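Q: Just to be clear, the model below is a prediction. Sequence and coordinates:
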Amino acid sequence: MPPRPSPTHFLCIQLVNAASRHQLSANLASFTADVTSPDSFGIPEQAIRPVGTLHLTVGMMSFPKNEGLDKAVALLKTLNPRQIVRSVLPPSTTDAKPTPDHQVTETKELSGPPSPLLSVTLKGLHSMQSPSKASILYAPPVDEEDTLMRFCEKLRSAFLEAELMTEENRLLLLHATVVNTIYVKGRSSRGGGKGRSREKLTIDARGILERYDEFVWMQDVPIEKIAICKMGAKKRDDGDEAYEVEAEIDMTG
């Protein structure tokens, strides 16, 4: 089989907005101060992801020299988030009192901004690897009825069917990466000597996972945007980092 092309872009649910930034900034700062302290876990601060990078990845895409990106952007703009949400809501919700689209429009005009279609709470901390040799720690969304998962699977299916997204051959795992040791410069496994700087840095995260098992990173934040972003977060003027947005659609539109 030919090697899988390196990803250049990704489809995601953006988590940072006016409603979430204060929560995420305060909670991530508290987490960072704790886990990077030499008196606590001593995690390198470079491993903590900046607030502006937090998102839920729906799928990876590869567009060398941006070839095919225009098709992905065009597809994104054809999606109707409101319609997709209705298709994945539990029957008890959708059967209660269906509202015609013209009534939704009239309600928005009379009562101001529409209510959010979906909201997200991030709670807890998990490891992508064995907790004793972890390199990526993430916060999962609370999704007891799998509504958010079904919504994201619908988004992913649209891009897979159009052959614009890389087939992962695994279940979708919605997660916001909080710690990734790949960003630690000169990283090496503990006990490594010279010549081992390129080895993946792993940490014993068992204590961190236990301490932050019930930690709430953000609560009931409306999802506002679905975006196609470019790989590789960039520094911003305010010191934060963020991924370049190629295109996005409004969840409340």
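A: Nice, I can see it. If you're wondering where the values come from, they're calculated on a predicted model, not measured in any experiment.
Q: how close does the residue lying closest to Gly68 once chain neighbours are set aside sit to Ala74?
A: What sits nearest to Gly68 in space, not counting adjacent residues and going by CB to CB, 6 or more residues apart in numbering, is Leu164, at 6.5 Å. In this view, the C-beta of every residue, glycine as well, is placed from N, C-alpha and C. Separation of Leu164 from Ala74 (CB to CB, to the nearest Å): 10 Å.
Q: and the two? which has more neighbours close in?
A: Using other CB atoms under 10 Å as the criterion, Leu164 and Ala74 rank with Leu164 on top: 23 against 12.
Q: Pull the distance from stretch 168-175 to the chain's centre.
A: 12 Å (CA atoms, centre = their mean, to the nearest Å).
Q: can you list contacts of that stretch?
A: For stretch 168-175, the surrounding residues in contact (CB atoms under 8 Å, 6 or more residues apart in numbering) are 13, 56-60, 126, 138-141, 143, 148-149, 152-153, 156.
Q: same thing with stretch 137-148?
A: Stretch 137-148 has contacts (CB under 8 Å, 6+ apart) with 56, 85, 88-90, 118, 120-128, 149, 174-180, 205, 208-209, 215, 217.
Q: how about the helices in this protein?
A: Taking DSSP state H as the test, the helices found in the chain are 21-35, 69-78, 81-88, 91-94, 101-111, 147-161, 206-211.
Q: which stretches of this structure aren't confidently modelled?
A: Within the chain, the stretches with pLDDT under 70 are 1-3, 92-116, 187-198, 253.
Q: Excluding covalently adjacent residues, which one is nearest to the residue nearest the centre of it?
A: Among the residues of the chain, the one closest to the centroid is Leu56, at 1.7 Å (CA atoms, centre = their mean). Leaving aside its sequence neighbours, Leu56 sits nearest to Ile13 (CB to CB, 6+ apart; 4.1 Å).
Q: Please verify my assumption that the one you found contacts Ile223.
A: Yes. Between Ile13 and Ile223 there is a contact under CB atoms under 8 Å: 5.8 Å.
Q: Find residues that contact each of these two.
A: Val120.
Q: buried sites along stretch 150-158?
A: Applying a neighbour-count criterion of 16 or more other CB atoms under 10 Å, one finds Arg150, Phe151, Cys152, Glu153, Lys154, Leu155, Arg156, Ala158 buried in stretch 150-158.
Q: Surely Gly207 is in contact with Phe41?
A: Yes. Assessed by CB under 8 Å, Gly207 is found in contact with Phe41 at 6.4 Å.
Q: where along the stretch 151-253 of the chain do the strands fall?
A: 176-180, 216-222, 225-230, 234-235, 241-242, 245-250 (DSSP state E, counting those that start in this stretch).
Q: Of all the ones you listed, which one comes closest to Lys200?
A: With CB to CB, the closest approach to Lys200 among those belongs to strand 176-180: 10.4 Å.
Q: Name the residues of that closest one that come out as buried.
A: Ala176, Thr177, Val178, Val179, Asn180.
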